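1. Sequence and computational prediction follow.
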Amino acid sequence: MKKIAVLTSGGDAPGMNAAIRAVVRRAIYNDLEVYGVRHGYVGLMEGDFIKMELGSVGDIIHRGGTILRSARSEEFKTVEGQQKAIKQLKDAEIDGLVVIGGDGSFMGAGKLTEQGFPTIGVPGTIDNDISGTDYSIGFDTAVNTVIEAIDKIRDTAYSHERICIVEVMGRNAGDIALWTGLTSGAESILIPEATYDFDDVMNRIRHGQERGKMHSIIVVAEGVCSGEELKKEIKERSNLDTNVIVLGYLQRGGSPTAYDRMMASRMGGKAVDLLIEGQKGVMVGWKNAQLVSPSFEEAAKGKHKINLDDYDLARSISI
Ligand SMILES: Nc1ncnc2c1ncn2[C@@H]1O[C@H](COP(=O)(O)OP(=O)(O)O)[C@@H](O)[C@H]1O
Ligand SMILES: O=P(O)(O)OC[C@H]1O[C@](O)(COP(=O)(O)O)[C@@H](O)[C@@H]1O
Ligand SMILES: [Mg+2]
């Protein structure tokens, strides 16, 4: 292993820069040459590579987004697209690749390895929906951003005695909704992993109103329904008016928390160590407070699980 490359792919996540920094610096420390691939798999297919030096990753540990930029690519899902990417890597005499991204990016990374190019994954997505790891870089920052927003929304909900629906991201996973709902004291949390019942949401609002609490916060994961759909359901069932707040990209940006910087540094460094050891087709994961490195196949066999005990806890203490 003499030359390696690193790219970021899929939705940007706070801490991706800290991970790029760890990859670049750990590689240079081990006398490897490092290239950054711009625009994820799109740049990989086009050979958009830039040589990275120690200074290329200076002053980025605290920045959200990704200095390498990110992208989603339909073309890369095809064998032709993957072959194009491998040709670019071989032409540049690159021996190994680190992909920082989410579950979709790992599918792509697995395909590169299957076709003979050594690739290692580093989990970076606010959704925390990757199987094979308990934690994905960006999740902690996103959760903190969301609770800061909900705390502010709560002030207005309280003052005007309003019911506010906060729609959060997560694709098909409810992790962001569960963590932010529990830690902001939301009266109802709707996640795709648990059976939800709109009448139950109504009952919880009424229960609060009976004891004089006229405001309420409902956190809904985008994987359940949109905030607007939930508003309609509530209106039809109870004639109650609600305010919908869609937090959107607010959740993806911002300076990473200490936890995200730490995990990004650990995971980025580990990815380089794995390439040097001659590993390929594995991802860096975090299980039982330890770094692990399951193969993409092994990781894909499992399904990311949410902690339903936390869901029960939230239901019992936020009422
Ligand atoms: N099944 C697949 N095979 C090959 N590449 C894939 C596959 N699924 C996703 N990708 C690539 O990974 C990119 C990022 O995936 P996406 O699901 O959008 O984000 P994330 O990696 O953050 O989950 C996609 O745009 C595509 O180029
Ligand atoms: O970037 P887009 O296309 O708006 O996608 C929005 C999606 O990206 C996310 O923010 C992050 O998801 P990924 O990590 O899978 O890219 C999801 O929560 C959301 O559903
Ligand atoms: Mg994803």
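-> Received, thanks. Since the structure is predicted, the reported quantities are computational estimates derived from the model, not experimental observations. Numbering: from 1, shown residues only. Ligands and ions are numbered 1, 2, ... in the order given.
2. where do the helices sit along the stretch 1-150 of the chain?
-> 16-29, 40-46, 79-91, 103-114, 139-160 (DSSP state H, counting those that start in this stretch).
3. Kindly calculate the angle that the helix or strand just after the last one makes with helix 139-160.
-> Tracing the chain past helix 139-160, the next element assigned as helix or strand by DSSP states H and E is strand 163-168. Going by axes from the mean of the first three to the mean of the last three CA atoms, to 10 degrees, strand 163-168 is angled at 170 degrees with respect to helix 139-160.
4. and strand 163-168, what does it pack onto?
-> Under the contact definition 3 or more CB pairs under 8 Å, 6 or more residues apart in numbering; DSSP states H and E, strand 163-168 sits against helix 139-160, helix 175-184, strand 216-221, helix 227-238, strand 243-246. To be clear about C-beta, it is placed using only N, CA and C from the backbone, and glycine gets the same treatment.
5. what about 6 Å?
-> Here strand 163-168 touches helix 139-160, strand 216-221, helix 227-238, strand 243-246, going by 3 or more CB pairs under 6 Å, 6 or more residues apart in numbering; DSSP states H and E.
6. thinking Met214 is in contact with Glu161, fair?
-> Yes - between Met214 and Glu161 there is a contact at 3.7 Å, judged by CB atoms under 6 Å.
7. could the helices and strands packed on strand 163-168 be laid out in a markdown table, adding distance to Gly185 and mean neighbour count?
-> Output for the helices and strands packed on strand 163-168, formatted as a markdown table (distance: least, CB to CB, whole Å; neighbours: other CB atoms under 10 Å):
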| stretch | distance to Gly185 | mean neighbour count |
| --- | --- | --- |
| helix 139-160 | 8 | 19 |
| strand 216-221 | 7 | 27 |
| helix 227-238 | 19 | 16 |
| strand 243-246 | 16 | 17 |
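8. still on that earlier bit, would you list the helices of the stretch 1-150 of the chain in CSV and tack on distance to Thr242 and mean pLDDT?
-> Output for the helices of the stretch 1-150 of the chain, formatted as CSV (distance: least, CB to CB, whole Å; pLDDT from 0 to 100):
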stretch, distance to Thr242, mean pLDDT
helix 16-29, 35, 99
helix 40-46, 38, 98
helix 79-91, 44, 98
helix 103-114, 32, 97
helix 139-160, 10, 98
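9. so which of the ones you listed comes closest to ligand 3?
-> Closest to ligand 3 of the helices of the stretch 1-150 of the chain is helix 103-114 (CB to the ion; 4.4 Å).
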